[in-house]
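S.K.: sequence? don't have it. structure:
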């Protein structure tokens with residue numbers, strides 16, 4: 001078994017506006033959680049990229065990362081991820097080279113292939129119908145690597161362009177995936193790989209194992225580095241965790257039935273919700289996206305899942321709506337997995 005090292009824990013944040021919070025309150029909560037995670041010994045804190053999402057403030061992982069990195073000391077900060085089709089590869093390379101210069105050795109660039117939004121918003125972002133309808137991710141990706149590694153072919157039109165005066169400013173790069181597409185890029189180019197088990201639970205274990213089998217070593221990653229991302233709700237008891245999990249479960253149920261309009265449900269609303277027959281079916285299917293229970297229950301499940309997927313790191317999607325319970329969950333997990341406590 002490959003994951004003999006202690007299991008690392010990290011956090012994925014969508015900056016969701018729970019309980020009718022203002023945007024400012026939500027971002028302050030994200031900042032405070034990142035600072036707590038820094039003290040508790042979590043490995044990394046990533047922000048997602050979503051656009052035209054009514055209750056999510058995670059439009060710009062690079063800006064959020066710059067803010068949080070400046071207010072933490074040890075934890076790695078990054079994107080989960082930058083949706084490369086929405087961006088100029090040069091601008092991504094410039095931004096993350098700058099972040100690496102500001103916070104040496106603490107910056108991750110997680111790269112996604114999806115738009116992270118609807119088609120009309122993608123058009124507004126990219127300013128070209130051709131850019132929306134054409135799949136040119138391999139070319140974009142090769143261009144991004146060319147800027148970081150300064151290895152464009154001599155005849156390439158961008159060969160003389162540098163993203164930074166300092167060629168050493170390269171973040172750790174991860175490919176994100178919820179299918180085999182991202183896995184293939186990560187394995188072929190010798191990148192880290194983060195799989196979204198909360199999106200494709202059935203594929204998580206086979207894709208993560210396949211990544212290790214197909215991995216080609218690189219200068220940045222001589223050995224494969226894989227992360228499994230999933231929703232985790234931990235509490236003092238199984239019953240309390242089940243109660244805290246209901247808002248996230250109801251939210252995923254609504255999404256699964258095409259209902260994207262309501263705001264994220266509160267604890268009271270979610271636990272009082274009466275599910276229709278269709279919703280009950282979707283709810284049952286969605287439970288695989290979650291690991292829910294007392295900290296003892298959760299530790300056992302995560303350890304088993306990590307072993308099956310051959311990973312040494314679990315990234316937790318934060319969906320606990322109550323701030324105190326959210327912090328309590330991450331404290332319990334840090335203690336259970338004996339994460340290295342750090343000075344504030």
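M.R.: Alright, I've got the coordinates. In this text the structure is predicted, and so the values were computed from the model without any measurement.
S.K.: And the strands in this structure?
M.R.: According to DSSP state E, the chain carries its strands in the segments 8-13, 44-47, 76-83, 107-112, 172-177, 192-196, 226-235, 290-294, 313-317.
S.K.: Same list (those strands) but as CSV, adding mean pLDDT and mean neighbour count.
M.R.: C-beta coordinates here come from the backbone N, C-alpha and C atoms, glycine included. Shown next, in CSV, are those (pLDDT from 0 to 100; neighbours: other Cβ atoms under 10 Å):
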stretch, mean pLDDT, mean neighbour count
strand 8-13, 98, 23
strand 44-47, 98, 28
strand 76-83, 96, 26
strand 107-112, 97, 27
strand 172-177, 97, 25
strand 192-196, 98, 28
strand 226-235, 98, 25
strand 290-294, 98, 22
strand 313-317, 98, 24
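S.K.: Dump those strands into a markdown table; add distance to residue 100 as well.
M.R.: Converted to a markdown table, those look like this (distance: least, Cβ to Cβ, whole Å):
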| stretch | distance to residue 100 |
| --- | --- |
| strand 8-13 | 18 |
| strand 44-47 | 14 |
| strand 76-83 | 10 |
| strand 107-112 | 5 |
| strand 172-177 | 9 |
| strand 192-196 | 15 |
| strand 226-235 | 20 |
| strand 290-294 | 32 |
| strand 313-317 | 21 |
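S.K.: what about those, which gets the closest to residue 153?
M.R.: strand 172-177 (20.4 Å; Cβ to Cβ).
S.K.: Return the list of strands paired to that closest one, each annotated with direction.
M.R.: With DSSP bridges as the test, strand 172-177 is paired with strand 107-112 (parallel), strand 192-196 (parallel).
S.K.: Just put those strands in TSV and tack on distance to residue 304.
M.R.: Output for the strands paired with strand 172-177, formatted as TSV (distance: least, Cβ to Cβ, whole Å):
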stretch	distance to residue 304
strand 107-112	25
strand 192-196	16
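S.K.: between those, which gets nearest to residue 91?
M.R.: The closest of the strands paired with strand 172-177 to residue 91 is strand 107-112. By Cβ to Cβ, the value is 12.5 Å.
S.K.: contacting residues around residue 113?
M.R.: Listed by Cβ atoms under 8 Å, 6 or more residues apart in numbering, the contact set of residue 113 reads 83, 84, 85, 137, 176, 181, 182, 185.
S.K.: I'd like to know which of those residues are buried.
M.R.: 83, 84, 85, 137, 176, 182, 185 (16 or more other Cβ atoms under 10 Å).
S.K.: any chance of these in a markdown table, with distance to residue 238 too?
M.R.: As requested, the buried ones among the contacts of residue 113 are arranged in a markdown table below (distance: Cβ to Cβ, whole Å):
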| residue | distance to residue 238 |
| --- | --- |
| 83 | 36 |
| 84 | 40 |
| 85 | 41 |
| 137 | 42 |
| 176 | 31 |
| 182 | 34 |
| 185 | 39 |
